[in-house]
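> Pasting the sequence and the predicted model now:
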Amino acid sequence: MFIVTMVKSLLSIPRRDFLKTGIGGIIGISLPNVVVGEDKGEEPDYFPLHVGDWWRYNVQRGQPPYQCTISVSGTEEIDGKEYTLFKRKNLPSWESQTSTRRLRKVGNKVYEYIEERDPKEKLVYNFDAQVEEEWQTHYNCLMYIVKKDNIVTVPAGTFEDCIRMALSCLSIYGADSLWFAPNVGFIKKQNPGYIKGYRPPEYSVGPPTETLESAVINGVHIGIPSEVDEESWKIYK
């Protein structure tokens, strides 16, 4: 009788409220990692760029898996425009695998500056684009939106209203798929790892993926609570 009553209660809850509350919240059990982007009635920000923001990802690309962090470490003025420094570092901290991107956000569009390219600045993410609308990024890559309103689950939680983009650079490994969550940013990346039946030996464990584990966005922690988050951030930022 209890089960029947509980099922009826679940069916009466709107989908959005169900996603935010989860079964655990309804029956009084705390279930970790069930979250969505914060909604304050404002237009969602699919690419937060506050100085001090950081994200930590699990990376599966062959063996063994590892982690990486992405941080907003500061700003730099170039040709009268202010760019945000978007720094990626693998963990443990291998200096040879640290990179910094210079990004500038205008509304829902994100531009990247690369000194050695011509033109030096190009559109890289366009969250205003329609589904299947294409634009060209640096290195003659094509980016387009595959689908909007995705629901995506990663270690950091379950996120709704996500945008899935595809990045095609004529690689033999096919196009990358990238998912962005509102007010969180980049949460998942996946590559098929093969094309026309060919899969490199290092990808025999599965397709290359990056999935968000935890983040701090504008001072708010998202994802797996961890006592080592703060200490690891001090070490690796």
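Sure, I can see it. Residues are numbered from 1 along each chain as shown.
> So what's the residue count around the nearest residue to residue 156 once chain neighbours are set aside?
In this structure, residue 156 finds its nearest non-sequential neighbour in residue 223, 3.2 Å apart by C-beta to C-beta, 6 or more residues apart in numbering. All C-beta atoms are positioned from the backbone trio N, CA, C, and that covers glycine. By the measure other C-beta atoms under 10 Å, the count of residues near residue 223 is 22.
> Go ahead and confirm residue 223 touches residue 216.
No. At 9.3 Å, residue 223 does not count as touching residue 216 under the criterion of C-beta atoms under 8 Å.
> so what's in contact with those two at the same time?
Common contact partners of residue 223 and residue 216 (C-beta atoms under 8 Å, 6 or more residues apart in numbering): none.
> how does this protein divide up, domain by domain?
Residue ranges for the domains of the chain, per automatic domain parsing: 1-31, 54-236.
> So which residues of this protein form strands?
Listed in chain order, the strands of the chain (DSSP state E) span 54-60, 66-78, 81-91, 98-106, 109-113, 121-126, 134-136, 142-154, 157-168, 176-181, 185-190, 209-217, 220-223.
> With distance to residue 44 added, can I get these in TSV?
Listed next are the strands of the chain as TSV, based on distance: least, C-beta to C-beta, whole Å:
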stretch	distance to residue 44
strand 54-60	17
strand 66-78	18
strand 81-91	19
strand 98-106	13
strand 109-113	14
strand 121-126	14
strand 134-136	20
strand 142-154	11
strand 157-168	7
strand 176-181	9
strand 185-190	11
strand 209-217	12
strand 220-223	14
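> how about those strands in a markdown table, adding mean pLDDT and distance to residue 46?
Converted to a markdown table, those look like this (pLDDT from 0 to 100; distance: least, C-beta to C-beta, whole Å):
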| stretch | mean pLDDT | distance to residue 46 |
| --- | --- | --- |
| strand 54-60 | 93 | 13 |
| strand 66-78 | 94 | 15 |
| strand 81-91 | 93 | 14 |
| strand 98-106 | 95 | 10 |
| strand 109-113 | 97 | 9 |
| strand 121-126 | 97 | 8 |
| strand 134-136 | 95 | 15 |
| strand 142-154 | 96 | 10 |
| strand 157-168 | 96 | 6 |
| strand 176-181 | 96 | 4 |
| strand 185-190 | 96 | 7 |
| strand 209-217 | 95 | 12 |
| strand 220-223 | 93 | 14 |
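> Nearest to residue 45, out of the ones you listed?
Comparison of these against residue 45 by C-beta to C-beta identifies strand 185-190 as nearest, at 8.0 Å.
> what's next to the closest one, contact-wise?
46-48, 53, 55, 70, 152, 154, 156, 159, 162, 176-181, 207-212, 215, 217.
> Okay, now the sheet partners of that strand, with direction.
With DSSP bridges as the test, strand 185-190 is paired with strand 176-181 (antiparallel), strand 209-217 (antiparallel).
> and of those, who's closest to residue 74?
Among the strands paired with strand 185-190, strand 209-217 sits nearest to residue 74 (C-beta to C-beta), with 15.8 Å.
> And the contacts of the closest one?
48, 50, 52-61, 67-68, 154-156, 183-191, 221-226, 229, 233.
> Filter the residues you listed down to the buried ones.
48, 53-61, 67-68, 154-156, 183-191, 222-224, 229, 233 (16 or more other C-beta atoms under 10 Å).
> how long is stretch 54-73 end to end?
Terminal residues of stretch 54-73 lie 9 Å apart, using C-alpha to C-alpha, to the nearest Å.
> Contact partners for residue 175?
Residue 175 is in contact with 166-169, 191-192, counting by C-beta under 8 Å, 6+ apart.
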